[in-house]
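>>> The following comprises the amino acid sequence and a computationally predicted model.
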Amino acid sequence: MVSARGTGVALSVAAWFGLALQLVLSIRLTYRSGNPSVSGALIIYFGYFTILTNLFVALVATAGLAEGRAAWAKTLAKRGWEGCATASIVFVCASYHLLLREIWSPQGLQWLADIDLHYAVPMLALLHWTLSRGPRLAASAPLIWCIYPAAYFVYALIRGEWLQTYPYPFIDVSVLGYPRVAIHSLILLAAYVLFGYFVWGIGRVRGPIATQPSTSVS
């Protein structure tokens with residue numbers, strides 16, 4: 001029988017594995033490009049919403065397993081953080097599948113990392129959220145979760161202005177200009193809200209009557 005504990009373990013392993021594999025591949029690609037630099041590889045690696053969100057999921061899943069045994073896990077193990085991480089990784093899966101999968105064709109280990117980070121981890125995260133139980137979150141929770149992708153958009157634009165390269169074509173200011181990028185960002189943010197309420201709705205069905213305050217992500 002599948003349990004929340006079991007899916008939590010599987011989710012943690014899948015997320016950390018995918019992150020480690022992609023990091024190795026990113027470093028290898030940087031060295032093959034003729035500009036060997038671990039720091040350069042890390043700058044590229046941490047530019048992607050996929051990587052940051054998988055890291056978010058990995059930390060939250062690990063915190064859930066360590067709760068009660070590690071002080072640092074108490075905050076990240078809260079239901080609100082788990083909901084935000086779940087909504088974010090489901091958004092990663094959907095946006096990748098609809099917007100990005102047709103523009104490149106990964107092979108070998110890159111294909112494995114791609115499947116793990118964009119499909120396996122999101123599916124496991126949603127399954128884990130469905131099986132786990134916790135306090136029902138306030139209706140404002142998905143709106144508060146939007147702070148995370150909004151902060152990423154700001155980070156990506158500042159980073160892109162600094163490096164003159166953008167991680168995703170739909171936020172490439174050098175090609176599209178700020179007005180179109182702003183429109184794309186608002187559309188994506190609206191889609192994120194829908195996924196947030198989808199995840200929130202599952203939590204409402206699974207959770208007990210008690211509610212957590214809406215003034216925080218947790």
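All right, it came through fine. Keep in mind that this is a model prediction, so the values were computed, not measured.

>>> ok, now which ones touch G83?
Contact analysis of G83 by Cβ atoms under 8 Å, 6 or more residues apart in numbering lists W129, L137, A141, P142, W145, G196, V199, W200, G203. Using the backbone N, CA and C atoms, a C-beta is placed for each residue, glycine as well.

>>> What of L126?
Counted by Cβ under 8 Å, 6+ apart, L126 has contacts T86, V90, V199, I202.

>>> ok, the third one - how many residues close by?
For V199, the tally of surrounding residues (other Cβ atoms under 10 Å) stands at 28.

>>> And A141, by the same measure?
26.

>>> go on, L188?
For L188, using other Cβ under 10 Å, the count is 19.

>>> Mind telling me what element the nearest residue to C93 once chain neighbours are set aside is part of?
Distances taken as Cβ to Cβ, 6 or more residues apart in numbering put P122 closest to C93, at 3.7 Å, once the chain neighbours are dropped. Using DSSP states H and E, P122 sits in helix 121-131.

>>> From the chain's centroid, how far away is that helix?
Distance, stretch centre to chain centre, for helix 121-131: 13 Å (Cα atoms, centre = their mean, to the nearest Å).

>>> ok, which stretches of the chain are strands?
Using DSSP state E, the strands of the chain run over residues 136-137, 211-212.

>>> Considering the ones you listed, which stretch scores lowest in mean pLDDT?
Of all the strands of the chain, strand 211-212 carries the lowest average pLDDT, namely a mean of 46.

>>> for stretch 154-168, what is the average pLDDT?
On average, stretch 154-168 scores 94.

>>> Tell me which residue is most central in the chain.
T53 (2.2 Å; Cα atoms, centre = their mean).

>>> Low-confidence ranges, this structure, go.
68, 207-218 (pLDDT under 70).

>>> Just the buried positions in stretch 124-142, please.
124-129, 132, 134-138, 141-142 (16 or more other Cβ atoms under 10 Å).
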